[in-house]
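A.B. asks: 3D model of this:
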Amino acid sequence: MNIYVLMKRTFDTEEKITINNGKISEDGAEFIINPYDEYALEEAIQLKDKHGGEVTVITIGNEDSEKELRTALAMGADKAVLINIEDDVENGDQYTTAAVLTEFFKDKEYDIILGGNVAIDGGSGQVGPRLADALNINYVTTITKLDIDGNKATIVRDVEGDSEVVETTLPLLVTAQQGLNEPRYPSLPGIMKAKKKPLEELELDDLDIDEDDIEAKTKTLEIYLPPTKGTGKILAGELSDQAKELVKLLQTEAKVI
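C.D. replies: Below is the predicted model:
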């Protein structure tokens, strides 16, 4: 079984975001594999263990992404591919990412492509469906269970707190939701083996892509942090007095009534 995993390098979930000159600062920041992509990677490794085959993890970014790709290899992926677009694309978006991936996959043989439901930095959830549509293959999003029997796939997906069972066929693209599995940690032997596993680096010229064909369809107008929350107040006294004071504060300070 030919299994591919779409992976994104994102800020560590514990990282404090700072903005300088209208851009998110990466100076000194820690980066990780997007947590939802970890579920996709774990599921891919389990599929390989059960059905045989090979797991290839792919990301779009720059050379800094090699660290996360090596982590994926240490977890159990067999190969990694980095598509380095740093020198060619200044401001890409989800369309850009999906368009580059489409060119990568157009001459590949694949049974299943897995990715995270969303990336924790952008949260659009567009890349997977866009790619599947471009490749003209079936896709199911927010999956919490996946069973494959031959060419048939039975999937449970999260639908806003409830579940839906979907049956479809390969080739297939799915995006992973929390609860699909419990991602493993890289083992010491896995880390050592990862150093010798193949990591291929490609550029747009290798994929015969013209920069104009992957130009972003959206534009970011402004990036800003949410307003600082003020301190709370504790009201004292009789309940009737507290109610009167609350109404007064809502009128004069919060200005919501």
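
A.B. asks: quick one: the strands in the stretch 101-250 of the chain?
C.D. replies: 112-116, 138-149, 152-159, 162-169, 172-176, 199-202 (DSSP state E, counting those that start in this stretch).

A.B. asks: Which strands or helices does the shortest one pack on?
C.D. replies: On a contact count with 3 or more CB pairs under 8 Å, 6 or more residues apart in numbering; DSSP states H and E, strand 199-202 meets helix 66-75, strand 79-84. Backbone N, C-alpha and C define where each C-beta goes, glycine included.

A.B. asks: closest one to K196 among those?
C.D. replies: helix 66-75 (9.2 Å; CB to CB).

A.B. asks: Strand 172-176 and the lengthiest helix in the chain, what's the angle between them?
C.D. replies: Identified as the longest helix of the chain according to DSSP state H is helix 35-51. Angle of helix 35-51 versus strand 172-176, following axes from the mean of the first three to the mean of the last three CA atoms, to 10 degrees, is 130 degrees.

A.B. asks: what's the angle between helix 35-51 and strand 112-116?
C.D. replies: On the basis of the same axes, to 10 degrees, helix 35-51 is oriented at 150 degrees to strand 112-116.

A.B. asks: Make residue 1 into 26 and carry on from there
C.D. replies: Right, with 26 as the first residue, what we last looked at is helix 60-76.

A.B. asks: chain center to helix 60-76: distance?
C.D. replies: 14 Å (CA atoms, centre = their mean, to the nearest Å).

A.B. asks: What of stretch 266-282?
C.D. replies: Relative to its chain's centre, stretch 266-282 lies at 43 Å (CA atoms, centre = their mean).

A.B. asks: same question, stretch 110-125
C.D. replies: From the chain centre to the centre of stretch 110-125 is a distance of 15 Å (CA atoms, centre = their mean).

A.B. asks: Then stretch 162-171?
C.D. replies: With CA atoms, centre = their mean, you get 14 Å for stretch 162-171.

A.B. asks: returning to that earlier point: out of the helices and strands packed on strand 224-227, which gets nearest to L260?
C.D. replies: Nearest of the helices and strands packed on strand 224-227 to L260, taken as CB to CB: helix 91-100 at 49.1 Å.

A.B. asks: picking that back up, rebuild the helices and strands packed on strand 224-227 as CSV, extending it with mean pLDDT, mean neighbour count and distance to Q71.
C.D. replies: As requested, the helices and strands packed on strand 224-227 are arranged in CSV below (pLDDT from 0 to 100; neighbours: other CB atoms under 10 Å; distance: least, CB to CB, whole Å):
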stretch, mean pLDDT, mean neighbour count, distance to Q71
helix 91-100, 96, 21, 11
strand 104-109, 96, 21, 17
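
A.B. asks: In the longest helix of the chain, which residues are buried?
C.D. replies: 60-73 (16 or more other CB atoms under 10 Å).

A.B. asks: re the thing from before, please name whichever of the strands of the stretch 126-275 of the chain is nearest to D266.
C.D. replies: Nearest to D266 among the strands of the stretch 126-275 of the chain is strand 187-194 (45.1 Å), distances taken as CB to CB.

A.B. asks: mind checking how far K48 is from D136?
C.D. replies: 40 Å (CB to CB, to the nearest Å).

A.B. asks: So between these two, which is more surrounded?
C.D. replies: Neighbours per residue, other CB atoms under 10 Å: of K48 and D136, the larger number sits with D136, 17 against 10.

A.B. asks: Which of the helices and strands in the chain ranks last by mean pLDDT?
C.D. replies: strand 48-49 (a mean of 78; mean pLDDT, DSSP states H and E).

A.B. asks: returning to what we had before: what's the first helix or strand after the longest helix of the chain?
C.D. replies: Counting by DSSP states H and E, the element after helix 60-76 in chain order, helix or strand, is strand 79-86.

A.B. asks: now this protein, which segments are flagged as low pLDDT?
C.D. replies: For the chain, no stretch is flagged by pLDDT under 70.
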